[in-house]
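1. Prediction below, plus the sequence it came from.
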Amino acid sequence: MTGGENHKERLNRELIELLNELRVALPGVQVLFAFLLIVPFSQRFSSVTPLQRHVYFAILLCAAVSAALLIAPSSHHRLLWRQGAKEATLRAANRLSLVGMAFLALAMIGAIFLITDLLFGGVVAAVSTVAIGAVFAWVWYGQPLLRLRD
């Protein structure tokens, strides 16, 4: 026992914490995915370049994969409820959420590229995309991983 809680209590707390964290990410991926679903029906979509069309499709797929991965822990939790699999569920949910967040970052970075390319062209799009990618990499992954070293 650490911190006054036993193993079962710790697993319950950690699972609740993880599911609460996912409640923060899910609206973002859902809004992005909903927006992406309506884009092809706008008048300007027919004028996009082949590169922009391919980037759009990649963004759409990344958002869909992200949604699937970020929602999966809730589904796992419901399906395995009271089956004595909480620790395995928590480990799987952690992996799913980490990969889901990576796909969400890719979708958002791709959206930055697509919109910037439409508005300003390739050079500004490339610079903006690299800059935003660096922000995501540093804030979402670099800083926490750096803390592991301390």
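-> Received it, and whenever you're ready, just let me know what you need.
2. Let me know whether residue 73 touches residue 93 as I believe.
-> Yes. Contact status for residue 73 versus residue 93: in contact at 3.5 Å, counting by C-beta atoms under 8 Å. Bear in mind the C-beta positions are built from the backbone N, C-alpha and C, glycine included.
3. Quickly list what's touching both of those two.
-> Contact criterion C-beta atoms under 8 Å, 6 or more residues apart in numbering; residues shared by residue 73 and residue 93: 18-19.
4. what's downstream of the helix or strand where residue 23 lies, the next helix or strand?
-> Assigned by DSSP states H and E, residue 23 falls within helix 7-38. The C-terminal neighbour of helix 7-38 among helices and strands, as given by DSSP H and E, is helix 50-79.
5. List the buried residues of the helix holding residue 23.
-> For helix 7-38, a neighbour-count test (16 or more other C-beta atoms under 10 Å) marks 15, 18, 22, 25-26, 28-29, 32-33, 36 as buried.
6. Need the max-distance pair from the residues you listed.
-> Using C-beta to C-beta, the buried residues of helix 7-38 span at most 30.4 Å, a distance reached by 15 and 36.
7. returning to that earlier point: let me have the buried residues of helix 7-38 in CSV, extended by distance to residue 109 and pLDDT.
-> Converted to CSV, the buried residues of helix 7-38 look like this (distance: C-beta to C-beta, whole Å; pLDDT from 0 to 100):
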residue, distance to residue 109, pLDDT
15, 30, 78
18, 24, 82
22, 20, 81
25, 15, 82
26, 19, 82
28, 13, 82
29, 14, 85
32, 11, 86
33, 15, 87
36, 14, 85
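8. Just put those residues in CSV and tack on distance to residue 55.
-> Formatted as CSV, the buried residues of helix 7-38 follow (distance: C-beta to C-beta, whole Å):
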residue, distance to residue 55
15, 37
18, 32
22, 27
25, 22
26, 24
28, 19
29, 18
32, 14
33, 16
36, 11
